[in-house]
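K.L.:
Structure of the sequence below:
(chains A and B)
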Amino acid sequence: MESTQDKPMAPTKPGRLAASAALATLNEDYYRDLANAKEEGRPVVWITSMAPIELVYAFDGIPFLPENYAALCSSRKIAAELCQAGEARGYSQDLCSYALCTFGFIFEKRGAFGDEGPPAPDILLATEGACATHPKWWEAMQRHFDCPLFIVDAAYTVDSETLPEHHKSYFAAQLRELASFMEEHTKRKFDMNRLREVVALSDRSSELWDEIDDFRKAIPTPISQIDVFTCLFPLVTLKGIKEAVAFYEQLRDEVKERVDNGIGFVPNERFRLIWDLFPIYHNMRLLNYFAEFGAAFVTDSYGNAFSGRLDASDPFGSLAERYLSFFMRSAQWGKAELYKKRVREYHVDGIVFHRNRCCRCFTAEQPDVGNILRDELGIPSLMFEANMVDPRGYDDAQVKARIEAFMEMLEARKYPNESGAKEKGGKQQWISI
Amino acid sequence: MVSEFYEAYSNRHQLSERWKQEGKKIFGYFCNYTPEELIYSAGIVPVRIRGSAENIDLADAHLPTFCCSYMRSALDQGLKGRYSYLDGVVFPKTCDMTRALYDVWRRNIKLPYYWFLPVPGKRTDEAVEFFTHELRLFKESLEGYSNQEISDESLKQAIRVYNENRSLVAEVYKLSLSDNHPLSGSQVFGILRAGLVMPKEEHNAMLQRLLDSLPAANASSEGRVRLMIAGNNFENIELLQTLEECGGEVVIDDLDIGTRYYGSTVDENSEPLRALAERYLQKIPCPCKHPAEPRLEHILELAKSYRVKGVILVIQKYCDTHLYERPWIEGRLKEEGFPVLAVEHSDTGWAGGKFKTMVQAFIEMLE
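P.N.:
Numbers count the residues shown, from 1 in each chain, chains lettered A, B, ... in the order given. All right, here's what the predicted structure looks like:
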C-alpha cells in the first residue's frame, strides 16, 4: 500500500475493511440463530443496551436488542412507516425513535428483511443503566407480549469517580436475583463457571475494542466513523461469544497494519473531530461528508460506551462495576473531563454534537459540555438536530450547510494563512466518496 | 379563606425572602420523591422549584428546546435569579431530565449547597435498604451543612408535621366525594399548590382554619360533570378554570403535586429513616418508577370512588415516562367505562382556543 506522504496530490483512500466480510458472516449467523432459536429451544431475551447481556449468554440464550434492530430498519428505509405505526397506537412522535420504531415492527409484525420480524421474547430484560425510559419501554412490551420482565435498577453516582460500595452491592444483588429469575423462566441451571467463561470473552472483546480505539490516535486516523459504528455490532450484541473475539482480533490487526503503513481514512487529513453520540442511521453517509473537508472523526462517545472491562474471578462484582460506570451515564463534569483528555490525546480540533431530537437523556447536557470545552480548551463545537432512527423532518441541505459553515470556521482557525481551500468553497474535491 | 392559599403561592418568592430575613435557611427541591421531612428536620424550609408563565429566554443556551417546558422554565427562572434566595437545591433521581438538570443547575447557578439523591427505580426490599442508606448519607450531609445533629426526635417531629399535612389534605379531598361540595376543583388545586412552597406547619394551620370554617355544602357545584385530572406538571390554574367554565369540575386527581404527593403517610412507629425510605418507595408511584401497575390501580380506584364521568389526562410534551404509559392508562380507563380527553401540553393555551373547544366537546359528550 502507498503512503499518503509520497503523493500528496493523489492520495489513496483505503478500501473496504477486509474485516467487513467477517462482520457480514457474524451478522448472518446471528440472525439465523435468532430465527432458529425457538426450534432449538434457546430462550430469546429482548434486552436493552447497558444491561448484563453476559447473563443471557451464560444461560445459552439469544439476546435481541430492539434498538439495534430499529437502527437496521432505519438504514433499510422502513423506519418512517414503522414509527408512524407506533404513533397510530398512541405513542408520541417525541419518544425515543428506537422505541417508536420497535412498537411499529412488533405491532405490524413487519421485519427489516421483508419478513415478520424477530421472534417474540421469552424473557424481557431491561436496566435503567442507559436511561430512565428503557424500563418504561420494556413495561410497554411486557403488556404486549405478556411475558416475564426483569428490571435491573442502576443507581447514579454524580459527585464522585469512585463507585460507592452500596451502589455496587445493590446492583450485584439484583444480578444474583436475575440469575434465579433466569433459572425459573428458562428451566436451565445457572452455572457460575459458564458465566466466568462468558465474562472472560466479553472482557476480551472490550479489551480489543479499546486497542482499536487507541489506534485512532494515529495521524492520520486509520478508520472511518462509519466503520466504527458498523463494527460495533458484535460489541453490543455478541459480547460473550468467541466469534466476536476472533472478529475483533482480525479488525485490530487490520487497523494496526494501516497505522504501521501510515494509511488514513482521510488522506491528507486536515482536521480531527469528535463525534458526540448516536449515529444517524438513516443517513450514515453524512459522516463521510466531513471527509470532503479533510476532516476525520478520531473518537466518539457512543462506541466506547459499549466497551467495559470485566474480571472473570468476580463476575457479579465486575459486571456491577462495569454497568454502573460507563462513560455516557457519568455526570457533566465527568463527560467534560473525558473529552478534555481525549482532545489532548487524539489531537482534536473540534467536536460535533448530534442533537438527537428524541433523546433527552443524552442531549440535555450537550450544550454545557460544549461550553466547557470552549471555555477551557478553546475547542469549537457544531451542534445540529436530527433524529437517529426516524428520518421524517430531516433536512439534509440545512444540516450540510451548517457543517460547511463549521468547517470554514475551523479552516480559518487552523490554517489562517492558507486560502486555497476557501476558493473551493472549503471542500477538497480530490476525495471521492 | 381560599384566597389566602392563592396569595401564598403567587407571593412565594417574597415570602421566602421574608423567612430568609428572619434567619431561616431555604432549600429548593424537585419532584415528590424528595424526602422533605429530612430537610425540615434540619431546620431548613423545603420549597418546590416551580416553573413560571414568564417567557423562556436564558435556558435555551443550556438545554435543548425539545425538553419539557417545566424543566426549561424552572432553569430559566433559576438563571434569571428568581431563586437567588435559595441556600441549596436537592435533586432526587426520578426522570432523566431531573438527573441531568442537577449538573446544569450546579454549573450555572451558584448556590451554597447541592445534593443529588439516588432514588431507586424499584420498590423491593433491597431497594428500601439501598434507599435507607442513601437517606443516611443525605442526613449526614445536611448535618454537616447546618452544623448540627438531626436527632431522631426532630426527625420524628418532622414526620408528624408532614403526616398531619397529609391527613388534612385528605380531608379536603374527601369533601369532593359529595355532589355539592364546598370547594371547586380549581380552589382545591390552589390549596394543594400553596403547600409546595411554604413551611408545612403554616400550611397545616391554614388548612385547619379552612376546614373549620367551610360550609358543609355549596349548591354551585351541583350538576357539574365530575372529572378526574391525571398526569403531571402544569403551573397554570386556568386549566381547571376552563374545565369549570365548560360545565365540568375536577373532583379528584392523579397529579405529581396532588394525590401522588399528598397520599401515603410515613409509619411513625418504625425507625425514622427506614420508615421514610418505605414511604417514598411504596407511595403511589410516578411513571418514572417500576412497576407501573400501582398507579393504574390508584387511578381506577379514585375514578370509581369519586364517581367521575370522565378523565382529563394532561401530559407535558417531551415527558417520556408519562408518554410511554399514556396509551395503556388511556386504554384501561376506557375499558373501565371512563372516557378520556388526553392532552400533550407545554403548559400554555389553557384559557381558550383549541383547548376550550376540545373540553366543550368532551363535556357535552359526557353529559
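
K.L.:
Please count neighbours and contacts with C-alpha atoms only from this point.
P.N.:
Noted.

K.L.:
And for residue A:325, the neighbour number?
P.N.:
The local packing of residue A:325 (other C-alpha atoms under 10 Å in any protein chain shown) involves 20 other residues.

K.L.:
ok, which residues in chain A are in contact with chain B?
P.N.:
Neighbours of chain B within chain A, by C-alpha under 8 Å from any C-alpha of the partner chain: A:89-92, A:94-95, A:128, A:131-133, A:135-137, A:139-140, A:153-158, A:166-167, A:170, A:173, A:331-333, A:357-358, A:360-361, A:363-368.

K.L.:
Just the buried residues of the residues you listed.
P.N.:
A:90-92, A:94-95, A:128, A:131-133, A:135-137, A:139-140, A:153-158, A:167, A:170, A:173, A:331-333, A:357-358, A:360-361, A:363-368 (16 or more other C-alpha atoms under 10 Å in any protein chain shown).

K.L.:
helix, strand or coil for residue 307?
P.N.:
Just going to use chain A. coil (DSSP: H, G, I helix; E, B strand; the rest coil).

K.L.:
mind listing what it touches?
P.N.:
Going by C-alpha atoms under 8 Å, 6 or more residues apart in numbering or on different chains, residue A:307 touches A:205-207, A:209-210, A:235.

K.L.:
And it, how far from residue A:165?
P.N.:
Distance of residue A:307 to residue A:165, given as C-alpha to C-alpha, to the nearest Å: 22 Å.

K.L.:
which residues does residue A:128 contact?
P.N.:
A:134-135, A:151-154, B:121.

K.L.:
Revised request: answer the last question for residue B:206.
P.N.:
With C-alpha under 8 Å, 6+ apart, residue B:206 has these contacts: residue B:5.

K.L.:
Show me what residue of the stretch 201-350 of chain B gets nearest to chain A.
P.N.:
Nearest residue of the stretch 201-350 of chain B to chain A: residue B:327, at 5.2 Å (C-alpha to the nearest C-alpha).

K.L.:
Tell me which residues touch that residue, please.
P.N.:
Residues counted as contacts of residue B:327 (C-alpha under 8 Å, 6+ apart) are A:89-91.

K.L.:
Among these, find me the one that's closest to residue B:307.
P.N.:
Comparing the contacts of residue B:327 against residue B:307 with C-alpha to C-alpha places residue A:90 closest, at 26.2 Å.

K.L.:
which element is the closest one on?
P.N.:
Assessed by DSSP states H and E, residue A:90 sits outside every helix and strand.

K.L.:
Next, it: phi, psi?
P.N.:
phi 100, psi 0 (degrees, to the nearest 10).

K.L.:
Is it correct that it is in contact with residue B:326?
P.N.:
Yes. Using C-alpha atoms under 8 Å, residue A:90 is in contact with residue B:326, at 7.3 Å.

K.L.:
any idea which residue sits dead centre in chain B?
P.N.:
residue B:257 (1.8 Å; C-alpha atoms, centre = their mean).

K.L.:
can I get the contacts of residue A:307 in a markdown table with secondary structure?
P.N.:
Converted to a markdown table, those look like this (three-state DSSP):
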| residue | secondary structure |
| --- | --- |
| A:205 | helix |
| A:206 | helix |
| A:207 | helix |
| A:209 | helix |
| A:210 | helix |
| A:235 | helix |
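
K.L.:
For these, pick the one with the most neighbours.
P.N.:
Highest neighbour count within those, by other C-alpha under 10 Å: residue A:205, with 29 neighbours.

K.L.:
In contact with that residue: list those residues for me.
P.N.:
Neighbouring residues of residue A:205 by C-alpha under 8 Å, 6+ apart: A:235, A:239-240, A:244-245, A:248, A:307.

K.L.:
quick one: which of the residues you listed sit in helices?
P.N.:
Within the contacts of residue A:205, residues falling in helices by DSSP state H are A:235, A:244-245, A:248.

K.L.:
Could you single out the nearest of these to chain B?
P.N.:
residue A:235 (25.2 Å).

K.L.:
which ones are touching that closest one?
P.N.:
Counted by C-alpha under 8 Å, 6+ apart, residue A:235 has contacts A:205-206, A:244, A:306-307.

K.L.:
Let me have those residues in TSV, adding pLDDT and distance to residue B:291 as columns.
P.N.:
Formatted as TSV, the contacts of residue A:235 follow (pLDDT from 0 to 100; distance: C-alpha to C-alpha, whole Å):
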residue	pLDDT	distance to residue B:291
A:205	98	34
A:206	97	33
A:244	97	35
A:306	92	27
A:307	93	30
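
K.L.:
of the residues you listed, closest to chain B?
P.N.:
Distances from chain B to the contacts of residue A:235, taken by C-alpha to the nearest C-alpha, are shortest for residue A:306, at 19.7 Å.

K.L.:
Count the residues that sit near that closest one.
P.N.:
The number of residues near residue A:306, taken as other C-alpha under 10 Å, comes to 23.

K.L.:
isn't it right next to residue A:236, touching?
P.N.:
Yes. Using C-alpha under 8 Å, residue A:306 is in contact with residue A:236, at 6.2 Å.

K.L.:
Now do the strands in the stretch 251-400 of chain A.
P.N.:
For the stretch 251-400 of chain A, the strands defined by DSSP state E, counting those that start in this stretch cover A:271-276, A:295-300, A:350-356, A:381-386.

K.L.:
In CSV: those, plus mean pLDDT.
P.N.:
Converted to CSV, the strands of the stretch 251-400 of chain A look like this (pLDDT from 0 to 100):
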stretch, mean pLDDT
strand A:271-276, 97
strand A:295-300, 96
strand A:350-356, 97
strand A:381-386, 96
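
K.L.:
now, of the ones you listed, which is deepest in the fold?
P.N.:
strand A:295-300 (a mean of 26; mean count of other C-alpha atoms under 10 Å in any protein chain shown).

K.L.:
In terms of secondary structure, what does that one contact?
P.N.:
Packing partners of strand A:295-300 (3 or more C-alpha pairs under 8 Å, 6 or more residues apart in numbering or on different chains; DSSP states H and E): helix A:225-230, strand A:271-276.

K.L.:
surely the residue nearest to the centre of chain B meets residue B:192?
P.N.:
Yes. Using C-alpha under 8 Å, residue B:257 is in contact with residue B:192, at 7.0 Å.

K.L.:
and the stretch 251-367 of chain B, which of its residues are near chain A?
P.N.:
Counting by C-alpha under 8 Å from any C-alpha, the residues of the stretch 251-367 of chain B near chain A are B:287-288, B:290, B:292, B:318, B:320-321, B:323-328.

K.L.:
6 Å instead, please
P.N.:
residue B:327 (C-alpha under 6 Å from any C-alpha of the partner chain).

K.L.:
can you map out the helices along the stretch 251-367 of chain B?
P.N.:
With DSSP state H, counting those that start in this stretch, the ranges of helices along the stretch 251-367 of chain B come out as B:259-262, B:272-282, B:293-305, B:320-335, B:353-366.

K.L.:
what's the closest of these to residue A:216?
P.N.:
helix B:320-335 (35.9 Å).

K.L.:
Dump the closest one to CSV, restricted to CA.
P.N.:
Below are the C-alpha coordinates for helix B:320-335, written out as CSV (Å, rounded to 0.1, in the frame of the first residue of the first chain):
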residue,chain,number,x,y,z
ASP,B,320,-41.0,10.5,28.2
THR,B,321,-42.0,8.4,31.2
HIS,B,322,-45.6,9.6,31.1
LEU,B,323,-45.8,9.4,27.4
TYR,B,324,-44.8,5.7,27.5
GLU,B,325,-47.7,4.9,29.8
ARG,B,326,-50.3,7.1,28.1
PRO,B,327,-51.7,4.5,25.6
TRP,B,328,-52.1,2.0,28.4
ILE,B,329,-53.6,4.3,31.0
GLU,B,330,-56.0,5.7,28.4
GLY,B,331,-56.9,2.3,27.1
ARG,B,332,-57.6,0.8,30.6
LEU,B,333,-59.7,3.8,31.7
LYS,B,334,-61.8,3.5,28.6
GLU,B,335,-62.2,-0.3,29.1
